[in-house]
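Visitor: let me see the structure of the following:
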Amino acid sequence: MTFLINDTIGECKALFLDRDGVINVDYIDVCKKENFDFIDDIFEVCNRAQELRYKIIIITNQSGVARGVYSDSDVFILHKFMENEFLKRDIKITDIFVCTSHDNLHEDRKPNPGMLLKAKEKHGIDMKKSIMVGDKERDVLAGINAGCGKTILFSNKQKETVANIVVESLLEIPKYLT
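Guide: Residues are numbered from 1 along each chain as shown. Take a look at the predicted model:
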């Protein structure tokens with residue numbers, strides 16, 4: 001078995017991605033593959049991140065479960081579909097962390113850092129070398145609260161943000177990957 005230096009505990013870097021609004025179009029409460037439209041260029045960004053040895057980890061609030069709009073099973077099925085679409089393009093999603101709570105005080109619900117910190121522990125992530133990408137301020141805040149080295153807001157509307165970087169196109173992201 002060969003071990004890569006990048007796979008040493010604490011040496012891994014992650015590209016944390018919000019789901020709705022970064023990976024797929026946010027139609028509000030997306031829970032079926034028929035309504036899951038990938039955002040242009042997400043595969044190119046993830047492919048480049050993978051080439052640079054980032055672990056790709058999805059961090060998503062899915063309060064529709066708590067609100068009774070869809071089930072845990074719906075989320076699981078949709079995520080399997082999504083992972084398979086990435087795999088068809090030779091992109092491996094390292095992990096997906098989901099918060100189904102609607103309680104803003106829940107440790108995992110963004111902007112709280114719980115999901116990112118769990119990913120850090122599980123995968124030996126060096127947060128200072130990692131990047132959080134989201135389309136909402138709560139995504140950026142979760143990244144900051146977890147100690148990510150960079151936070152990127154993907155938005156063509158919101159300019160005032162605590163994010164380090166604002167991009168209007170996903171294709172701008174690779175220039176911030178190191």
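Visitor: centre of the chain to the longest helix anywhere in the chain, how far?
Guide: Ranked by residue count under DSSP state H, the longest helix found in the chain is helix 72-87. Centre-to-centre, helix 72-87 and its host chain are 14 Å apart (Cα atoms, centre = their mean, to the nearest Å).
Visitor: who touches it?
Guide: Residues outside helix 72-87 that contact it (Cβ atoms under 8 Å, 6 or more residues apart in numbering): 19, 23-24, 30-33, 36, 38, 43, 46, 56, 58, 62, 65, 92-93, 96, 98, 100. Quick note: C-beta positions are derived from backbone N, CA and C, even for glycine.
Visitor: spell out the residue ranges of the helices in the protein.
Guide: Going by DSSP H, the chain shows helices at 42-51, 72-87, 114-123, 137-146.
Visitor: how about the second one: buried residues?
Guide: Of all the residues in helix 72-87, those buried under the rule 16 or more other Cβ atoms under 10 Å are Asp74, Val75, Leu78, His79, Met82, Glu85, Phe86.
Visitor: now the two most distant members of those residues.
Guide: Across those, the longest distance by Cβ to Cβ is 19.1 Å; it joins Asp74 and Phe86.
Visitor: Lys32: neighbour count?
Guide: 12 (other Cβ atoms under 10 Å).
Visitor: no wait, Leu141
Guide: Neighbour count of Leu141, defined by other Cβ under 10 Å: 20.
Visitor: any idea how far Leu116 is from it?
Guide: For Leu141, the distance to Leu116 equals 11 Å [Cβ to Cβ, to the nearest Å].
Visitor: same question for Val69.
Guide: In terms of Cβ to Cβ, Val69 sits 25 Å off from Leu116.
Visitor: equivalent analysis for Asp40, please.
Guide: Asp40 is 26 Å from Leu116, where distance means Cβ to Cβ.
Visitor: the more surrounded of those two?
Guide: Neighbours were counted for Asp40 and for Leu116 using other Cβ under 10 Å; Leu116 has more, 26 against 11.
Visitor: quick check: beta-bridge partners of the residue lying closest to Arg109 once chain neighbours are set aside?
Guide: Leaving aside its sequence neighbours, Arg109 sits nearest to Cys99 (Cβ to Cβ, 6 or more residues apart in numbering; 4.8 Å). Cys99 has the following beta-bridge partners by DSSP bridges: Asn61.
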